[in-house]
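# predicted model and sequence follow; I will ask about them next.
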Amino acid sequence: MKLVEVSHRSDVRRIAVVSAGLSEPSSTRLLADLLGEAALAALEGSGRAAEVEIIELRPLAHAITDALLTGFPTGDLAGAVEKVASADAVIAVSPVFSASYSGLFKTFFDILEPETLDAMPVLIAATAGSARHSLVLDHALRPLFGYLHAVVVPTGVFAAGEDWGTNDVAGDLRKRVDRAAGELADLVVARPALHRVDPFVDVPDFASLLGS
Amino acid sequence: MEFGIFTVGDITTDPTTGRTVTEHERIKNTVTIAKKAEEVGLDVVALGQHHNPPFVASAPTTTMAYIGAQTERIKLSTSTTLITTTDPVRIAEDYATLQHLLEGRMDLMLGRGNTGPVYPWFGKDIRDGIALAIENYALLRRLWREENLDWEGKYRTPLQGFTSTPRPLDGEPPFVWHGSIRSPEIAEQAAYYGDGFFSNHIFWPASHTKRMVEFYRQRFEHYGHGKSEDAIVGLGGQVYMARTSQDAIKEFRPYFDNAPVYGHGPSLEEFSKETPLTVGTTEQVVERTLSFKEYAGDYHRQLFLVDHAGLPLKTVLHQLDMLGEVVAELRKHDAEAAA
């Protein structure tokens, strides 16, 4: 699959937010919502119409395991995969489990077709009970998305339990959220809208297959 | 239109009894199944090729020749012949020999279908899968069509003045299908040569098969082999039948739940909805099979998987009795459609 520039596409930029929180309510989802809203505001501030779609992985957990075993996503999961593949940017938020992203979070990205995130602007974020886990962003999430050829914005956002307890959410966490969202918006604005080429349209002519 | 069965030649423990057939039993059962397929009126039996356990089918042409000697009418084919790791010179020789022995009652389906370590065992690299399929087949075609061949490629020792023997029966190389689950390049290859394209169909959703077949048909026409609707399409299918659909589901569920490839994943009901798997009465199988045309168009070959996942021989033979009824019914529809 390759990417081509499209000029005729609608100007609405779409951000897919993947949230791997398991509890209800979930601090991972809370952070995902904050990041989504901030990215929307940043894009609108740059004069771009934008929309945010939240993808909760918990209700897709069985389908994700099935897709791992059969090789193809079905039902709502197929829709979620398509949302990510066709997005202009992705915000990926995982809780920290055993010193890394959760297995569910990883499995969702494992079942994507290999080139799905090529050149995709991605904002990484994580939550945990303690700030001692904060390096998970740079030790686990950043290498994962680097491997997937995504363009990860410099600021990752980590929210520990104590971040939710400060007397104003407009404090440090909000600053980090806005900065990361601003970086993501800058990437989205700076680049042309990308269209992922249909693999069937992109098959090389047989003469070139023979020659290669 | 041709109807038949295809097998991968797996040895899987019967989950209802814990019994595992020996390799000897599995090979002999494959012969019994093929003879039964002829008896119930099927047109084709296709055998797999694999080179690691739990598969027993490493030497398809040997088994095909043995079956061919004991049958009169049924066509022998493969599902698939490994074009990536088998030397194309050996494919040319083995299948041309088979063609002579069977008086042409055979064809073959090429596939990459290999598990990871098989490539290095044969000195190849899985990342070259598509390139191997393309170069090896280009050579295979020339081996069947040219004598004193000079050839040089990337993946095999060059040939100088080589003539593959025996020459194809009456100078007409065996018909070739290209099988694929999900690689558009293979559909492109089939279209380029005007060969048949077989969509595995059973492991992926119908929407995917539809796209693969449409793509092959368009490219077949593009390369000037005829109209897209005349392109030579084959489809896989997977069925389990009983007198009532409740019985069929009850009997097949333990095999489904523990099957290689998709076992321990989606439920039988989910998988039946997403893929062509049909577990029910013969009428349901007829109806479902007829529906394949809605997205694949008129096609030439329908093969069913009936002997996997540890199903015992007795059950498979009973399935073939019912498949015979199904195929008789499908032929009536086919004849009506053609009239």
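In hand now; what should we look at?

# count of residues packed around the closest residue to chain A within chain B?
Relative to chain A, the nearest point of chain B is B:Gly265 (3.4 Å; C-beta to the nearest C-beta). For every residue, glycine as well, the C-beta is placed using N, CA and C. B:Gly265: 20 surrounding residues under other C-beta atoms under 10 Å in any protein chain shown.

# surely it meets A:Asp66?
Yes - if you go by C-beta atoms under 8 Å, B:Gly265 and A:Asp66 touch, sitting 4.6 Å apart.

# next one: the residue of chain B closest to chain A relative to B:Ile202, how far apart?
The spacing between B:Gly265 and B:Ile202, counted by C-beta to C-beta, to the nearest Å, is 14 Å.

# repeat for A:Ala16
Counting by C-beta to C-beta, the gap from A:Ala16 to B:Ile202 is 31 Å.

# those two - which one has more neighbours?
Neighbours were counted for A:Ala16 and for B:Ile202 using other C-beta under 10 Å; A:Ala16 has more, 25 against 22.

# need phi/psi at the closest residue to that one other than its chain neighbours.
Distances taken as C-beta to C-beta, 6 or more residues apart in numbering or on different chains put A:Ala87 closest to A:Ala16, at 3.8 Å, once the chain neighbours are dropped. As for A:Ala87, its main-chain torsions (degrees, to the nearest 10) stand at phi -70, psi 160.

# my guess is B:Thr30 contacts B:Ala57. True?
Yes - counting by C-beta under 8 Å, B:Thr30 does reach B:Ala57; the two are 7.5 Å apart.

# between those two, what contacts are shared?
Common contact partners of B:Thr30 and B:Ala57 (C-beta atoms under 8 Å, 6 or more residues apart in numbering or on different chains): B:Thr7, B:Gly9, B:Leu47, B:Thr63.

# what's the burial count for the last one?
To tie it back to what came earlier, the one meant is B:Thr63. Other residues close to B:Thr63 by other C-beta under 10 Å number 22.

# so what's it up against?
So B:Thr63 contacts B:Ile27, B:Thr30, B:Val31, B:Leu47, B:Ala57 (C-beta under 8 Å, 6+ apart).

# hmm, back to that, okay, and the common contacts of B:Gly265 and A:Asp66?
If you check B:Gly265 and A:Asp66 against C-beta under 8 Å, 6+ apart, no residue is contacted by both.

# before we move on, back to that, so which of the shared contacts of B:Thr30 and B:Ala57 is the most crowded?
That'd be B:Leu47 among the shared contacts of B:Thr30 and B:Ala57, by other C-beta under 10 Å, with 26 neighbours.

# not counting sequence-adjacent ones, nearest residue to that residue?
The nearest residue in space to B:Leu47 (C-beta to C-beta, 6+ apart) is B:Pro60, at 4.6 Å.

# just B:Asp14 next, same as before
That would be B:Gly310: by C-beta to C-beta, 6+ apart, it lies 4.0 Å from B:Asp14.

# so among the shared contacts of B:Thr30 and B:Ala57, where is pLDDT lowest?
In terms of pLDDT, B:Gly9 ranks lowest among the shared contacts of B:Thr30 and B:Ala57, with 87.

# assign the residue nearest to that residue when sequence neighbours are not counted to helix, strand or coil.
Excluding the flanking residues, the one nearest B:Gly9 by C-beta to C-beta, 6+ apart is B:Ala57, at 2.8 Å. Recorded secondary structure, B:Ala57: coil (DSSP: H, G, I helix; E, B strand; the rest coil).

# can you report how many residues lie near B:Ala57?
Neighbour number of B:Ala57 under other C-beta under 10 Å is 22.

# next: A:Asp76.
Neighbours of A:Asp76 (other C-beta under 10 Å): 12.

# quick check: closest non-adjacent residue to it.
Nearest one to A:Asp76, counting by C-beta to C-beta, 6+ apart, is A:Leu60 at 6.2 Å.

# report pLDDT for that neighbour.
98.

# B:Cys130 and B:Tyr262, how far apart?
Not Cys; residue B:130 is Ile. 25 Å.

# which helix of chain B spans the most residues?
helix B:313-338 (DSSP state H).

# that one packs against which elements?
Judged by 3 or more C-beta pairs under 8 Å, 6 or more residues apart in numbering or on different chains; DSSP states H and E, helix B:313-338 is in contact with strand B:2-6, helix B:23-39, strand B:233-241, helix B:282-296.

# what sits against B:Met322?
Contacts for B:Met322 (C-beta under 8 Å, 6+ apart) come out as B:Met241, B:Thr282.

# to clarify, my last question referred to A:Ala140.
Here A:Ala140 is in contact with A:Ala99, A:Ser100, A:Tyr101 (criterion: C-beta under 8 Å, 6+ apart).

# mind listing the residues bridging to the last one?
It stands for A:Tyr101. Taking DSSP bridges, one obtains A:Val96 as the residues bridged to A:Tyr101.

# run a quick check on it versus A:Thr28, I expect a contact.
No - using C-beta under 8 Å, A:Tyr101 is not in contact with A:Thr28, being 10.6 Å away.

# between those two, which has more neighbouring residues?
A:Thr28 (27 against 24).

# the more buried one and A:Ala92 touch, don't they?
No - A:Thr28 is beyond contact range of A:Ala92, at 10.6 Å (criterion: C-beta under 8 Å).

# how about the residues of chain A near chain B?
A:65-66, A:68-72, A:74, A:199-200, A:203-206, A:209-210, A:212 (C-beta under 8 Å from any C-beta of the partner chain).

# now list the buried members of the residues you listed.
A:Thr65, A:Asp66, A:Thr70, A:Phe72, A:Thr74, A:Pro199, A:Phe200, A:Val203, A:Phe206, A:Leu209 (16 or more other C-beta atoms under 10 Å in any protein chain shown).

# for the fourth one, give me the pLDDT.
This points to A:Phe72. pLDDT, read off for A:Phe72, is 92.

# Three-state assignment for the residue lying closest to it once chain neighbours are set aside, please.
Leaving aside its sequence neighbours, A:Phe72 sits nearest to B:Trp204 (C-beta to C-beta, 6+ apart; 5.4 Å). B:Trp204 falls in the coil class when you classify it by three-state DSSP.

# would you state the helices of the chain in chain order?
All of this refers to chain A. Going by DSSP H, chain A shows helices at A:27-45, A:61-70, A:75-86, A:103-110, A:136, A:142-147, A:172-190, A:206-211.

# to clarify, I was referring to chain B.
B:23-39, B:60-69, B:88-101, B:118-121, B:129-145, B:184-193, B:206-222, B:245-257, B:268-274, B:282-296, B:313-338.

# of those helices, which stretch is the most buried?
Of all these, helix B:184-193 carries the top mean neighbour count, a mean of 24, counting by mean count of other C-beta atoms under 10 Å in any protein chain shown.
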